[in-house]
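Participant: Okay, predicted coordinates and the sequence, questions at the end:
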Amino acid sequence: MKYGKVIIGAASFSRIKNISKEAQIRLYWLDWYKDHRKNAELTCRHFGISKSVFYRWKNRFKASKKDLASLESVTSKPHNVRHETIDYEIVSKILKLKDKYKRWGKHKIWLLLLEESKDIKISESSVGRVLKRRGLVNIYGAGSKKRKKTNIYIKKLRATREDRDIKPGHQVQIDVKYYRVEPYWYYRFVAIDTKTRIKFQVVYTVKTANVGEMFLKEIESLFPFPIEGYQTDNGAEFLKEFHAWIENNHRNHYFTYAYTPQMNGRVERVIRTDSEEFWDFQDPDTNLIELNDLARQWDYVYNYIRPHQALGDKTPMQYYASIKSLEGTVLKVLN
């Protein structure tokens, strides 16, 4: 592989002996990028990598002032690994108690151990570590029992295509998109009004029905008009508490048919737009608070600044204002 745009004066990667093969490949990405008019999208397509991965290594290399060591993978393995320092006789007693009382957890084992040997000095957490290192945590406990599947019958309403454009708030489509920040997964709950295209998103660490209910309460206070109905797919995060909140607050809950994401086309499209125009360019080393700050910043741009061709090049908020103005004019004429 030839290079020379990023590190001037060299002829091939084979001459670089002080970095790994992975680092050489990342250097080649950057070199190819510079040699092709700094076109990041073209570079990512050429090498089959995501924009977030490419920008992470590009920014790291730039911040290091082109230090080749910055292209090396950073291990997440801890520098200092804790070794077991508990006396062998105590460990043996813990294991014997666990073998005798197979369904007991660390707390009961610890109490019994202290009762049998008053001179033993050991914490409950240390007992837990002894069991965990030997794969003896929860293997017999209640958590290992297979849960009975609870079938919850929900009468599923279906919306028509015409329902999308009746009026603001008549239908808000919701979906969830994961976002990877090594080594964690985050989940973007996204809601868009199908008439005005006004949309909001909130980032969470899990996607459950309980979190879905929290999201509903959040967005109800954000949209500038009352919401009459929501449309989702059939995921578990849109059942139980999520569905119950909608029913209890007298909203309609429309479901898409299985394997038909096009029925939720507007939220699917806005999730793609969010990724292509915003999230793919963000620093991957970000925590939950910062992610939600970024989400709010982008929602403001999307709702108040970004023109939409489908709305006659108006922003969603401008389009909503024009609808309100038109409604006011009609009322004056009728009166």
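Facilitator: Alright, I've got the coordinates. Residues are numbered from 1 along each chain as shown.
Participant: Can you tell me the strand partners of the helix or strand containing residue 190 and which way each runs?
Facilitator: In this assignment (DSSP states H and E), residue 190 forms part of strand 184-193. Paired neighbours of strand 184-193 in the sheet (DSSP bridges): strand 172-181 (antiparallel), strand 199-204 (antiparallel).
Participant: So which of those is nearest residue 251?
Facilitator: strand 172-181 (9.2 Å; C-beta to C-beta). All C-beta atoms are positioned from the backbone trio N, CA, C, and that covers glycine.
Participant: Other residues contacting the closest one?
Facilitator: Strand 172-181 is contacted from outside by 52, 185-194, 203, 207, 215, 219, 223, 227, 229-233, 235, 237-238, 264, 266-268, 271, 274-275, 279, 284-287, 291, using C-beta atoms under 8 Å, 6 or more residues apart in numbering.
Participant: likewise stretch 293-308?
Facilitator: 188, 197-203, 270, 273-274, 278-279, 282, 286, 313-317, 319.
Participant: Sort out for me which of those are in helices.
Facilitator: Under the assignment DSSP state H, the contacts of stretch 293-308 contribute 270, 273-274, 316-317, 319 to helices.
Participant: Determine which two of those are furthest apart.
Facilitator: Using C-beta to C-beta, those span at most 18.7 Å, a distance reached by 274 and 319.
Participant: Same question for residue 254, what's its three-state structure.
Facilitator: With DSSP: H, G, I helix; E, B strand; the rest coil as the basis, residue 254 sits in strand.
Participant: partner residues bridging it?
Facilitator: Going by DSSP bridges, residue 254 forms beta bridges with residue 157, residue 231.
Participant: which residues sit in contact with it?
Facilitator: Each residue near residue 254 by C-beta under 8 Å, 6+ apart is listed here: 157-159, 163, 171, 229-232.
Participant: I'd like to know which of those residues are buried.
Facilitator: For the contacts of residue 254, a burial check counting by 16 or more other C-beta atoms under 10 Å picks out 159, 163, 171, 229-232.
Participant: State the pair within these that is farthest apart.
Facilitator: Greatest spatial distance among the buried ones among the contacts of residue 254 (C-beta to C-beta): 163 and 232, at 14.1 Å.
Participant: Name the nearest of the ones in helices among the contacts of stretch 293-308 relative to residue 24.
Facilitator: Distances from residue 24 to these, taken by C-beta to C-beta, are shortest for residue 274, at 33.6 Å.
Participant: So residue 88 versus residue 95, what's the distance?
Facilitator: 11 Å (C-beta to C-beta, to the nearest Å).
Participant: Counting neighbours, go ahead and name the busier of these two.
Facilitator: residue 95 (15 against 8; other C-beta atoms under 10 Å).
Participant: which strands and helices sit next to the helix or strand hosting the more buried one?
Facilitator: Applying DSSP H and E as the criterion places residue 95 in helix 88-100. Judged by 3 or more C-beta pairs under 8 Å, 6 or more residues apart in numbering; DSSP states H and E, helix 88-100 is in contact with helix 106-116, helix 124-133.
Participant: How far away from the center of its chain is the first one?
Facilitator: Put plainly, it is helix 106-116. In this view, helix 106-116 has its centroid 41 Å away from the chain centroid, taken as C-alpha atoms, centre = their mean, to the nearest Å.
Participant: and what of the last one?
Facilitator: With C-alpha atoms, centre = their mean as the basis, the distance from the averaged C-alpha position of helix 124-133 to the chain average is 32 Å.
Participant: what comes into contact with it?
Facilitator: Taking C-beta under 8 Å, 6+ apart as the rule, helix 124-133 contacts 84, 86, 91, 94-95, 98, 106-107, 109-110, 113, 137.
Participant: rerun at 10 Å
Facilitator: 82, 84-86, 90-91, 93-95, 97-98, 104-111, 113-114, 122-123, 136-139 (C-beta atoms under 10 Å, 6 or more residues apart in numbering).
Participant: care to break this structure down by domain?
Facilitator: Following the assignment in automatic domain parsing, the chain carries domains at 13-71, 88-140, 161-329.
Participant: Need the ones you listed in a markdown table (columns: mean pLDDT and distance to residue 153).
Facilitator: Shown next, in a markdown table, are the domains of the chain (pLDDT from 0 to 100; distance: least, C-beta to C-beta, whole Å):
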| stretch | mean pLDDT | distance to residue 153 |
| --- | --- | --- |
| domain 13-71 | 84 | 41 |
| domain 88-140 | 82 | 32 |
| domain 161-329 | 92 | 11 |
